[in-house]
Structure formats: structure tokens, C-alpha cells
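S.K.: Let me see the structure of the following:
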Amino acid sequence: MCGRYYVDDEEPALRDIVEKLRDAHVKTGEVFPTDVAAVMAANGDFAAMRWGFPRFDGKGVIINARGETAAEKPMFRRPMLEGRCLIPASWYFEWEKRGREKIKYALAAPEERALWMAGLSRFDVKTGERTFVILTRPAWEGIAFIHDRMPVILPARLHDEWLHGRSPEKTMERAISELRYRAAD
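M.R.: Residues are numbered from 1 along each chain as shown. Next comes the predicted model:
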């Protein structure tokens, strides 16, 4: 679920964000797990963060968290309280499985040029880096044929509430459901 997304740095809003983080060399184009990407931190400032919380066993990273249970899980409990963040993207990718064939789709917000995925961030004491995960939810029925999960995508009117509100679960309930999609290369 949401293992890649795309940042089009020709899009004005995203270009401005990337420009602010130019010295941090944030990834544009197709962003993969463990890449350093632009993120709106809990304080509302943009920061460069690495995608993925290191696993407890040291083998790989966790890139997504289920929004429905994140507040209960030890790995996500504290970030849910004090590390909520937003990840800007042009669209995200998902793959439909048809037998042995996989069809790649680009999924985008219906009205806004950029989409903003709800996330959690924390400081990794081993590497000294800020890291983030993307929160997920059950997919809107219109895209469930592609995948049964989707990112929690928040419209601009909910950004401040997500970052600073007292009830993140309630904010996630008002996330964007309907998306545009197209086959991607």
C-alpha cells in the first residue's frame, strides 16, 4: 500500500517546497521508501525526512501505518501524539493485480493540484535523522479494484487541525475519499 509517490517539481506549490529544502537534496519525481523527501513537520515548517521508521529487528523499514490502529501501536503511539506531519505529493502509485500481470496506476486528489498525505514523524536516535510513515485507511470503493487500502489524504482546510488538533482520529474520518486515477507508465 502506497509504496511510492510522485513529486512534480514543475507544479508551483511543490516547486516552492522543494526550493525551500534545496540544500537537503529532497527527492523529486518518483519517491521510494528510504528516500529523503519534503514533509510538513508538526510545527508547520517544511523539513527533509527519510521515508520509513526502522523496524525493531533492524531489518528494513516500516513505511505505512494503519490509521485505524496507529494510536494503539507502540511504534506509532508517541508520533501520533506529537509527530503528526503532512507529506505533499502530486499523486501516489498503486498496482492492480490481474493474475500474474500488475497494472500501475497514478492516483490523485480530485480537485487540488497537490495531495497531502497524513503521516507520522519521529527522530531516529541511531541515525540522527527525522523519519516518517504514511497513514493508510480502507480504500474508497471506486478504487478498491486496484488496492484495498489508500493513504489518508487531507484537504487544505484540515491541515492545521491534523497538525495541532486534539483528535487526530476524528480528523482522519474527514479525509478525502474519492480520487482520480489513470494507468501509469
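S.K.: Identify each of the helices in the protein and give its residue range.
M.R.: Assigned by DSSP state H, the helices in the chain fall at 12-20, 74-82, 159-164, 168-172.
S.K.: export those to TSV and tack on mean pLDDT and mean neighbour count?
M.R.: In short, each C-beta sits where N, CA and C put it, glycine included. Below are the helices of the chain laid out as TSV (pLDDT from 0 to 100; neighbours: other CB atoms under 10 Å):
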stretch	mean pLDDT	mean neighbour count
helix 12-20	93	15
helix 74-82	96	15
helix 159-164	97	16
helix 168-172	96	17
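S.K.: how many other residues sit next to Phe132?
M.R.: Neighbourhood size, Phe132 [other CB atoms under 10 Å]: 24.
S.K.: swap in Pro88?
M.R.: Pro88 has 20 neighbours, counted by other CB under 10 Å.
S.K.: Trp140 now?
M.R.: Trp140 has 15 neighbours, counted by other CB under 10 Å.
S.K.: which non-adjacent residue is nearest it?
M.R.: Ser177 (4.2 Å; CB to CB, 6 or more residues apart in numbering).
S.K.: Quickly note the distance from the one you found to Ala109.
M.R.: 11 Å (CB to CB, to the nearest Å).
S.K.: And those two? Which one has more around it.
M.R.: More neighbours surround Ala109 than the other of Ser177 and Ala109, with 21 against 15 (other CB under 10 Å).
S.K.: Tell me the spacing between the nearest residue to the more buried one once chain neighbours are set aside and Ile62.
M.R.: Once flanking residues are discounted, Ala109 sits nearest to Leu115: 3.9 Å by CB to CB, 6+ apart. Look at Leu115 and Ile62: by CB to CB, they are 21 Å apart.
S.K.: before we move on, back to that, just list the residues touching the residue nearest to Ala109, thanks.
M.R.: By CB atoms under 8 Å, 6 or more residues apart in numbering, the residues touching Leu115 are 88-92, 108-109, 151, 153, 176.
S.K.: how close does the nearest residue to Gly44 once chain neighbours are set aside get to Trp95?
M.R.: Counting by CB to CB, 6+ apart, Leu163 is the residue found nearest to Gly44 once chain neighbours are left out, at 6.2 Å. Leu163 is 31 Å from Trp95, where distance means CB to CB.
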